[in-house]
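**Student:** Structure for the following, please:
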Amino acid sequence: MEIEGLQKLTLLDFPGRVACTVFTPGCNFRCPFCQNASLVIDAPVKGAEDVEEFFSFLSKRKGILDGVAITGGEPLLQKGIAEFISRIREMGFQVKLDTNGSFPEILEDLIGRGLVDYVAVDIKNSRRKYPLTSGCSGQQLGKVEQTVELLKSGVVDYEFRTTVVSQFHELADFTEIGEWISGARRYFLQKFEDSGEIIQDGLSAVSKEEMEQFAEAVRPYVSEVSLRGVY
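**Tutor:** Numbers count the residues shown, from 1 in each chain. Next comes the predicted model:
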């Protein structure tokens with residue numbers, strides 16, 4: 001298991017919980033607007049010693065933190081992810097997992113073993129524009145579709161979310177996304193922000209008005225649709 005970063009406190013990453021956030025290196029997608037390019041492309045690895053340092057930190061936060069959010073990169077690329085989460089759960093913490101959805105078999109196993117409390121899946125775009133937006137293959141998109149159906153079955157609490165970028169998204173995409181995830185529990189449209197280390201330069205956010213229009217396109221299909229990062 002490889003850890004490439006730790007945010008020691010967050011009130012945002014794990015809904016309803018006080019948590020820390022663990023960042024893992026490596027990803028099988030290449031989304032141009034990725035906020036964590038350094039974790040995706042040629043990410044250095046600190047190694048197992050830092051894993052033990054993380055658990056030492058976590059042991060000192062019992063009674064302060066409720067949970068751990070695991071993000072990346074793509075955490076399900078990590079060979080030791082199940083054992084890592086098991087140790088967290090044994091210490092009494094809840095776990096949120098962020099994933100691009102391309103490993104449904106691994107996700108289903110983790111859920112079936114009771115290791116994950118909340119799953120957040122990035123819906124990169126409408127299915128017809130997925131390769132353009134994420135660099136994924138048709139086979140990988142099929143895996144994402146499996147993950148969508150798995151979570152819609154209600155096996156664990158979850159959210160779907162899309163980071164909205166003016167160069168990649170338009171109104172028709174959100175109608176198609178709504179049709180795709182129809183019946184989902186909740187869906188968030190996230191405002192794009194340039195973190196300073198995105199994969200492709202020159203990208204920009206859409207206006208608040210456009211974000212609201214996009215949300216309206218999804219609302220006929222999803223129970224709860226909200227905006228993030230829009231004020």
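**Student:** Now the top strand by length along the chain - C-alpha only, CSV.
**Tutor:** Counting residues, the longest strand found in the chain (DSSP state E) is strand 157-164. In CSV, the C-alpha atoms belonging to strand 157-164 read as follows (Å, rounded to 0.1, in the frame of the first residue of the first chain):
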residue,chain,number,x,y,z
ASP,A,157,-24.2,4.8,0.8
TYR,A,158,-22.8,6.7,-2.2
GLU,A,159,-22.7,9.7,-4.4
PHE,A,160,-22.0,10.4,-8.1
ARG,A,161,-20.3,13.7,-9.1
THR,A,162,-19.0,15.5,-12.1
THR,A,163,-16.4,18.2,-12.2
VAL,A,164,-17.8,20.7,-14.8
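**Student:** What pairs with that strand, parallel or antiparallel?
**Tutor:** Here strand 157-164 is paired, per DSSP bridges, with strand 118-122 (parallel), strand 186-191 (parallel).
**Student:** Check which element follows it along the chain.
**Tutor:** helix 171-180 (DSSP states H and E).
**Student:** picking that back up, to Gln78, which of the strands paired with strand 157-164 lies closest?
**Tutor:** With C-beta to C-beta as the criterion, Gln78 lies closest to strand 118-122 of these, at 15.6 Å. Every residue, glycine included, has its C-beta placed from N, CA and C.
**Student:** Just the CA atoms of the very next helix or strand once past that closest one, as CSV, please.
**Tutor:** Counting by DSSP H and E, the next helix or strand C-terminal to strand 118-122 is helix 130-134. Coordinates of each C-alpha in helix 130-134 appear next as CSV, following Å, rounded to 0.1, in the frame of the first residue of the first chain:
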residue,chain,number,x,y,z
TYR,A,130,-16.1,9.6,-21.8
PRO,A,131,-12.9,8.7,-23.8
LEU,A,132,-12.4,12.4,-24.7
THR,A,133,-12.8,13.5,-21.1
SER,A,134,-11.0,10.8,-19.2
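**Student:** how about helix 130-134: buried residues?
**Tutor:** Across helix 130-134, burial judged by 16 or more other C-beta atoms under 10 Å covers 130, 133-134.
**Student:** Over to stretch 217-231?
**Tutor:** Under 16+ other C-beta under 10 Å, the buried positions of stretch 217-231 are 217-218, 221-222, 225, 227, 230.
**Student:** Return the residues in contact with Lys208.
**Tutor:** Val230 (C-beta atoms under 8 Å, 6 or more residues apart in numbering).
**Student:** Dig out what the residue nearest in space to the middle of the chain forms beta bridges with.
**Tutor:** Geometric centre of the chain, nearest residue: Asp98, 3.2 Å, by C-alpha atoms, centre = their mean. For Asp98, the beta-bridge partners are Ala120 (DSSP bridges).
**Student:** what's it in contact with, if anything?
**Tutor:** 69-72, 75, 120, 122.
**Student:** now the angle between helix 171-180 and the longest strand of the chain, please.
**Tutor:** 170 degrees (axes from the mean of the first three to the mean of the last three C-alpha atoms, to 10 degrees).
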